[in-house]
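Peer 1: Sequence first, then the predicted structure:
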Amino acid sequence: MAVRRPAVAGTWYPGERGALVAEVEGYLSDAASVEVPGRLVALISPHAGLRYSGPVAAHAYVRLRGRRDLTVVLVGPSHRVHFEGVSVYARGAFATPLGEIPIDEEVAEALLAADDVLLDEPSPHREEHSLEMQLPFLQHLVPGLAIVPLLMGSQARPEVEALAGALSRALAGKDVLLVASSDLSHYHPAAVANALDAKVVGDVSRFDPEGLMDRLEFQRGHACGGGPMVAVLRAARDRGATAATILRYADSGDAGEGDKSRVVGYLAAALSAPRAA
């Protein structure tokens, strides 16, 4: 079994189990309770160092308390390796200081069969942090967790559209949760960053993946995981989601004695569907 070893444990988040649990639980305990209508279909969560983005991500993940035996399809951007298509880690497990998380190989195979844009190619995952930063929250909260990790290469419109369609077809009838991993604007003064990010947050809150794709494509906004957000918004809509709830927005300068002169924006959001009558 191929086990993907942690790439940023001990640097981006604690490398020791007890310290990691304590930090994650601290953020979850502080997360505000925002009502999400209906049935949870997908989450949007940031992926920076835990001390910066963890307080925001916790607002997304706290609503998984009490869940178990859940498959989560994680969609994130590739920061370190450029390629065309969507890289699927289709077999084995991901490891963190909290243990190993098995890949849901049945779901992974269904995704690979759904569209040629999805590639059975694990190597881009080796050093990537965008999905790894979601795992401490998921492992801490969900007994019986399984994952399917997907990394987007170019995030160009055809790739986004193909992935959205593949997610919709392959996951039809399956009880899975989608997670899009993305930070927002990078290294602007806080006032500039917050204004730029408000446009992207507005597209999400209106459940407007087409508007968000246009905004990102024509450089009227920035999100390093814009492609994952658009693909997950579209797939969640196909899976019945009708509501987008903004759970938390903040920037890196909000962490401790943070520097407000050059910040990164973070968003947590939930996409939900009406409950069956």
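Peer 2: Cool, got the structure.
Peer 1: from here on, contacts and neighbour counts on C-alpha atoms
Peer 2: Will do.
Peer 1: Helices of the stretch 151-277 of the chain, start to end?
Peer 2: For the stretch 151-277 of the chain, applying DSSP state H, counting those that start in this stretch gives helices covering 157-170, 190-205, 209-217, 226-238.
Peer 1: Contacts only, for Val142.
Peer 2: If you count contacts by Cα atoms under 8 Å, 6 or more residues apart in numbering, Val142 has them with Leu64, Arg65, Gly66, Arg67, Arg68, Asp69, Leu70.
Peer 1: ugh, typo on my part, it should be Ala31
Peer 2: The contact partners of Ala31, by Cα under 8 Å, 6+ apart, come to Pro55, Val56, Ala58, His59, Val62.
Peer 1: For the closest residue to the last one other than its chain neighbours, give its distance to Ala22.
Peer 2: Excluding its sequence neighbours, the residue lying closest to Val62 (Cα to Cα, 6 or more residues apart in numbering) is Leu28, at 5.7 Å. Distance, Leu28 to Ala22, by Cα to Cα, to the nearest Å: 10 Å.
Peer 1: Please tell me how far Gly92 sits from Pro149.
Peer 2: Using Cα to Cα, one obtains 11 Å as the distance from Gly92 to Pro149.
Peer 1: actually Leu233, not the one I wrote
Peer 2: Distance of Leu233 to Pro149, given as Cα to Cα: 17 Å.
Peer 1: cool, Gly85 as well?
Peer 2: Distance of Gly85 to Pro149, computed by Cα to Cα: 14 Å.
Peer 1: so where is this protein shaky, pLDDT-wise?
Peer 2: 1, 219-221, 257, 277 (pLDDT under 70).
Peer 1: For the residue positioned nearest the centre of it, give me its contacts.
Peer 2: For the chain, Ser181 is the residue whose C-alpha lies nearest the centre (Cα atoms, centre = their mean; 2.5 Å). Neighbouring residues of Ser181 by Cα under 8 Å, 6+ apart: 44-47, 74-77, 130-131, 134, 225, 228-229.
Peer 1: Among those residues, name the buried ones.
Peer 2: Among these, those scoring as buried are 44-47, 74-77, 130-131, 134, 225, 228-229 (criterion: 16 or more other Cα atoms under 10 Å).
Peer 1: hang on, the earlier thing: which residues are in contact with the residue nearest to Val62?
Peer 2: Contacts of Leu28 (Cα under 8 Å, 6+ apart): Pro55, Ala58, His59, Tyr61, Val62.
Peer 1: so where does it fall, helix or strand?
Peer 2: Here Leu28 sits within helix 17-30, counting by DSSP states H and E.
Peer 1: Could you look up the next helix or strand downstream of that helix?
Peer 2: Using DSSP H and E, the helix or strand that follows helix 17-30 towards the C-terminus is strand 39-45.
Peer 1: Need the buried ones among the contacts of Ser181 in a markdown table (columns: distance to Ser33).
Peer 2: Shown next, in a markdown table, are the buried ones among the contacts of Ser181 (distance: Cα to Cα, whole Å):
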| residue | distance to Ser33 |
| --- | --- |
| Ile44 | 16 |
| Ser45 | 16 |
| Pro46 | 18 |
| His47 | 21 |
| Leu74 | 23 |
| Val75 | 25 |
| Gly76 | 26 |
| Pro77 | 28 |
| Ser130 | 25 |
| Leu131 | 24 |
| Gln134 | 20 |
| Gly225 | 25 |
| Pro228 | 25 |
| Met229 | 23 |
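Peer 1: now, among those residues, which is nearest to Gly38?
Peer 2: Closest approach between the buried ones among the contacts of Ser181 and Gly38, by Cα to Cα: Ile44, at 16.8 Å.
Peer 1: Surely the closest one and Val179 touch.
Peer 2: Yes: at 5.7 Å, Ile44 and Val179 qualify as touching, with contact defined as Cα atoms under 8 Å.
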